[in-house]
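Chemist: have a look at this prediction, sequence included:
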Amino acid sequence: MMPPCVSEQQQLDMAAEGKPVSVRPSYEILKTLVKAHNRQGKKTGKGFYEYPDEGDKYLWPELLNLYPPRAQQPSQQELIDRLMFIQANESAKCYQENVVRSVADANIGAIFGWGFAPHHGGTLQFINAMGLEAFITRSRELAEQYGERFQPAQIVLDMAAKGEVFSDD
């Protein structure tokens, strides 16, 4: 996953230009921001964030009125799992599709490219450390609750069946 401000700008630009945007749970929010509130991101000084000429960016306060927090919030571990698993799974798909050519590239790219939790050693190392079977089980649980995008990548399923791990050796 890209940092929210980069992903925001990319998605807002595409929506503003009428280009297709992959339909994610955030799509309706992006559509509302662009069409109803003319918030097209950093280039216009307003998106999810306010970008003042002086000082640091800050979250647009009206978001709380448009999307008030739910009374029942997920646990911290549930949020961590959702963030970590979607990133690891997407990295596994990139490795499978040869978007990245090595496990090391995927791991280093995740840490330095978008800030994946460095203490895990990267996205594919996160899967290895957890164990492929455990990763598959938890991914399927998340998919049941939050949608198909959490289903484990085919390469993870194939490697687990063969007893393999992500490695450049």
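Modeler: Alright, I've got the coordinates.

Chemist: sec struct for the residue with the largest distance to the centre of the chain, please.
Modeler: Here the chain reaches farthest from its C-alpha mean at Glu54, the gap being 29.6 Å by CA atoms, centre = their mean. What DSSP: H, G, I helix; E, B strand; the rest coil gives for Glu54 is coil.

Chemist: and the gap between the residue nearest to Tyr49 when sequence neighbours are not counted and Val103?
Modeler: Closest residue to Tyr49 apart from its sequence neighbours, by CB to CB, 6 or more residues apart in numbering: Lys57 at 4.4 Å. In short, each C-beta sits where N, CA and C put it, glycine included. The gap separating Lys57 from Val103 is 35 Å, by CB to CB, to the nearest Å.

Chemist: the two - which one has more neighbours?
Modeler: Val103 (20 against 14; other CB atoms under 10 Å).

Chemist: do I have it right that the more buried one meets Val165?
Modeler: No - using CB atoms under 8 Å, Val103 is not in contact with Val165; the gap is 9.1 Å.

Chemist: now stretch 64-71, how far from the chain's geometric center?
Modeler: 21 Å (CA atoms, centre = their mean, to the nearest Å).

Chemist: ok, stretch 114-121 next?
Modeler: 13 Å.

Chemist: one more: stretch 145-162?
Modeler: That offset, for stretch 145-162, works out to 16 Å (CA atoms, centre = their mean).

Chemist: mean confidence score for it?
Modeler: The pLDDT scores in stretch 145-162 average 96.

Chemist: name the surrounding residues that touch that stretch.
Modeler: Contacts to stretch 145-162, defined as CB atoms under 8 Å, 6 or more residues apart in numbering, come from residues 24-25, 82, 85-86, 89, 92-93, 95-96, 127, 132-133, 135-136, 139-140, 142-143, 165-166.

Chemist: low-confidence ranges in this structure?
Modeler: Within the chain, the stretches with pLDDT under 70 are 1-12, 21-24.
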